[in-house]
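Asker: Fold the following.
(one chain, ligands or ions: 2)
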Amino acid sequence: MLVDLDYFFAQCEEKRNSSIKDKPVVVCVYSGRTEESGVVSTANYIARSYGVKSGMPIYQAKKKLENVEAIFLPVDHDYYEEVSGEVMRVVRQFADLFEQVGIDEAFLDVTVRTNGRFQAARELAERIRNELRAQLGLTCSIGVGPNKLVAKVAADQNKPDGLTVIEDEKVEHFFSPLNVERLVGVGTKTREKMHSMGIMTVGDLARCDAQKLMETFGKTLGIYFHNAAQGVDNEPVKERTEIESLSRIVTLKQDSRDTDFMMEKTEQLCTELHAAIVDQKVSFKTIGIIVILNDMSIHSKSRTLENPTNSLQTMKENVRDLFKQFFDETGLEARRVGVKISNLSHERESQKPLTSFIQRNTD
Ligand code: TTP
Ligand code: MG
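Answerer: Ligands and ions are numbered 1, 2, ... in the order given. This is a model prediction of the structure:
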């Protein structure tokens, strides 16, 4: 099953201050250029009924809510992370396998505890919904299906506060009339392309020749669309062991306090760390250096950035600065040096509101 919290950031704001609950609530990422520049991160369903949407410029949302008393608030990511942590602690107790996929979303494999029975899964989903409401005062939407793809599409079917259960033999019936963009992976551009091919619904896509899809979208995507349209998906729910930090250390040929020499040696470490975080789709917010002296004493220095990033450039620049500071301040000589990144977060949570939405709006 997929559990997705409703209008999450805005619902968190309502939880903190229930007096705003019956008004349109719009949570904004202010870019700071002018008082109103920036985009809507999310909005409660009252605001959505006036046409306010995620990714919309703030001035446009204000225009839509011109004659109503609406609440505009800046994003408070730390608070949403805290609430997300509480939500996930509750939800994961109901899973055989648990995979958080965003700040407000998680997949649960419940096959074992339900003996593969959809009725039992439905009851479990109801219990999760009740627990979240009772313990945290929050609503969510849940989709249940034979695989992750169907569960995800089902969760989007009855929002907010909905539960949709799609059993194996109902998948085709459920999928075929849906607009094709409801499939995970079909964005605006792909939708336009599909429309131009006469593919409007998931059923149309399912009937489309696989070869033609591969020619148009490339082999990987073509096969994916072909399978997805039939509700076929074999991705397992993957338990993630939360990594807290990553580090790499190298031994120097001779003791040194020269920043350029240090950078030469640590460049490779940064590249390795960068490859690891790209692979695991995480960003770092804290970057540090480790310096081990020839008496084996360990020293470290770190700094925390304003926003999480996965930039190799940022990593290297900060490492250079930190080494420079460390050796200017201490006058010591290093025998081994290392780089450490911590405060890691999954990319979707950390970067979506800050980059891709703004980008999408300035396209
Ligand atoms: P979603 O689960 O996509 O959206 P939602 O929870 O606000 O609404 P829904 O009821 O449809 O589930 O995203 C979770 C949070 O991620 C959302 O509350 C705010 C943030 N977000 C953005 O900042 N910008 C966006 O464009 C989207 C879609 C989400
Ligand atoms: Mg949500």
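
Asker: Hmm, Glu105 and Leu2 touching each other?
Answerer: Yes. The pair Leu2 / Glu105 is scored as a contact, 6.6 Å apart, by CB atoms under 8 Å. The C-beta positions use only the backbone N, C-alpha and C, and glycine is treated the same way.

Asker: quick one: which of these two has more around it?
Answerer: Neighbours per residue, other CB atoms under 10 Å: of Leu2 and Glu105, the larger number sits with Leu2, 27 against 23.

Asker: OK, contacts around the more buried one?
Answerer: Residues counted as contacts of Leu2 (CB atoms under 8 Å, 6 or more residues apart in numbering) are 105-108, 142-143, 148, 151-152, 154-155.

Asker: swap the cut-off to 7 Å and go again
Answerer: Contacts for Leu2 (CB atoms under 7 Å, 6 or more residues apart in numbering) come out as 105, 107, 142-143, 151-152, 155.

Asker: Give me the common contacts of Leu2 and Glu105.
Answerer: Contact criterion CB under 7 Å, 6+ apart; residues shared by Leu2 and Glu105: none found.

Asker: So which of the contacts of Leu2 belong to strands?
Answerer: Assigned to strands by DSSP state E, the following of the contacts of Leu2 qualify: 105, 107, 142-143.

Asker: Would you mind listing which of the residues you listed are buried?
Answerer: 105, 107, 142-143 (16 or more other CB atoms under 10 Å).

Asker: between those, which is nearest ligand 2?
Answerer: Glu105 (6.3 Å; CB to the ion).

Asker: Quick check: the residue of the stretch 101-250 of the chain nearest ligand 1.
Answerer: For the stretch 101-250 of the chain and ligand 1, the shortest gap (CB to the nearest ligand atom) falls at Asp104, measuring 4.5 Å.

Asker: same check, this time on the stretch 51-200 of the chain
Answerer: Proximity of the stretch 51-200 of the chain to ligand 1 (CB to the nearest ligand atom) peaks at Ser54, 3.2 Å away.

Asker: from memory that residue sits against Thr42, does it?
Answerer: Yes. Contact criterion CB atoms under 7 Å: Ser54 and Thr42 qualify, at 5.1 Å.

Asker: So between these two, which is more surrounded?
Answerer: Higher neighbour count among Ser54 and Thr42: Thr42, with 25 against 17, using other CB under 10 Å.
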